[in-house]
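Colleague: I need the structure of the sequence given here:
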Amino acid sequence: MEERYSRQIRFKQIGEEGQKRLADSHVLIVGAGALGTAGAEGLSRAGVGTITIIDRDYVEWSNLQRQQLYTESDAKLRMPKAMAAKEHLSAINSEIHIEAYVTEGTAETLEPLIEKADIVIDATDNFETRMLINDLAQKTKTPWVYGACVSSQGMFMTVIPGETPCLSCLFEQIPVGGATCDTAGIIPPAVHIVSAYQQAEAFKLLTGQIEAIQRGFVTFDVWNNSHMKINVNHVRREECPSCGANAVYPYLQDWNTPKAAVLCGRDTVQVRSESLKRIPKQELIKRLKTIGKVEANAFLLHIFYEDFRIVIFNDGRALVHGTNDVKEANSVLARVIGL
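Modeller: All right, here's what the predicted structure looks like:
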């Protein structure tokens, strides 16, 4: 181990003891897109002992511009991102353990994963999942590192339950969001900078150097050469529903769980259906073959229908490409599958 990680061990803030701590650590990465692949690769090369990745999507050609783990072969095969990431990370470092889950990050799927992790890296692309992470992290007392990027801009903040403001506190005071990768695009340097900060914060947390944590909300624009750190100590609220004295964790409640969602950066709607989940895969293929050519792998089915492209996952989710209208997406699935 010493030879492989020798340059990292020579960094005195890590050293041999810190390297052993990394080897004994477990990091959960929620999302395997641009931030997720950058973070997963960096932490894998650094020797973090167990890395769990959860992602609901598959590799497309437009991902290759910034999602650094994936190859053209992954896009051709429409490989689920979590599984493709696991394959590539295992080739990078066979000494560590990689767990991969091809499913949506819901309260039900995320809670047991967060309970097992030492820290969580936020690599999601939507508000709802981030707020789920925030509530679950507060509930389980698990530190996590928020990160987001769009256009040439990026931002991050480390959240330590009981010590720092949570994301709900922050969003009450600092307006975040608006632009998406779909409307404003994204360049890789913005991704890499956010991920570098997230990885550095992970190293500090995992090696027990809490005093070195970045205590603030950091935002930058790599194209316009701006960088700003905001002191957020004052935004922590005792009455916060997520981290306050009488927390109710609002994003873990059933009424806050959408059955359909428009995906960030794409003309695509995701629909979750228990009915779809109960249809045997071979029966589903049989139905779909009556309307067109079905492409399938171990994780998903793919078919073109009229002006839409439909991808159906084993866990009962469907992506309807070609619309950002939830009603239209549900209608298309009803016509194709009879739901």
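
Colleague: quick one: stretch 42-61 to chain centroid distance?
Modeller: 9 Å (Cα atoms, centre = their mean, to the nearest Å).

Colleague: only C-alpha atoms, please: export that stretch in PDB.
Modeller: Once non-C-alpha atoms are left out, stretch 42-61 reads as follows in PDB (Å, rounded to 0.1, in the frame of the first residue of the first chain):
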ATOM      1  CA  GLY A  42     -10.500  10.700  -7.200                       C
ATOM      2  CA  LEU A  43     -11.500   8.900  -4.000                       C
ATOM      3  CA  SER A  44     -10.900   5.500  -5.600                       C
ATOM      4  CA  ARG A  45      -7.300   6.500  -6.600                       C
ATOM      5  CA  ALA A  46      -6.800   7.900  -3.100                       C
ATOM      6  CA  GLY A  47      -7.600   4.500  -1.500                       C
ATOM      7  CA  VAL A  48     -11.000   5.100   0.200                       C
ATOM      8  CA  GLY A  49     -11.800   1.500   1.200                       C
ATOM      9  CA  THR A  50     -15.500   1.300   0.200                       C
ATOM     10  CA  ILE A  51     -17.400   3.500  -2.200                       C
ATOM     11  CA  THR A  52     -21.100   3.200  -2.800                       C
ATOM     12  CA  ILE A  53     -22.600   4.800  -5.900                       C
ATOM     13  CA  ILE A  54     -26.300   5.200  -6.600                       C
ATOM     14  CA  ASP A  55     -27.700   6.600  -9.900                       C
ATOM     15  CA  ARG A  56     -30.900   6.200 -11.800                       C
ATOM     16  CA  ASP A  57     -29.700   7.000 -15.300                       C
ATOM     17  CA  TYR A  58     -27.700   5.400 -18.200                       C
ATOM     18  CA  VAL A  59     -24.800   6.700 -20.300                       C
ATOM     19  CA  GLU A  60     -25.700   8.900 -23.300                       C
ATOM     20  CA  TRP A  61     -23.400  10.500 -25.900                       C
END
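
Colleague: can you point out the buried residues in it?
Modeller: 42-60 (16 or more other Cβ atoms under 10 Å). Where C-beta positions appear, they are placed from N, C-alpha and C, glycine not excepted.

Colleague: same deal with stretch 20-33?
Modeller: Quick answer for stretch 20-33 (16+ other Cβ under 10 Å): 20-23, 25-33.

Colleague: give me the contact list for the one helix or strand residue 269 maps to.
Modeller: Taking DSSP states H and E as the criterion, residue 269 maps to strand 268-272. With contacts defined as Cβ atoms under 8 Å, 6 or more residues apart in numbering, strand 268-272 is touched by 56, 104, 259-263, 316-326, 328-330, 333.

Colleague: ok, of those, which come out buried?
Modeller: Judged by 16+ other Cβ under 10 Å, buried ones among the contacts of strand 268-272: 56, 104, 260-263, 316-323, 326, 329-330, 333.

Colleague: quick one: which of the residues you listed sit in helices?
Modeller: Mapping the buried ones among the contacts of strand 268-272 onto helices (DSSP state H) picks out 326, 329-330, 333.
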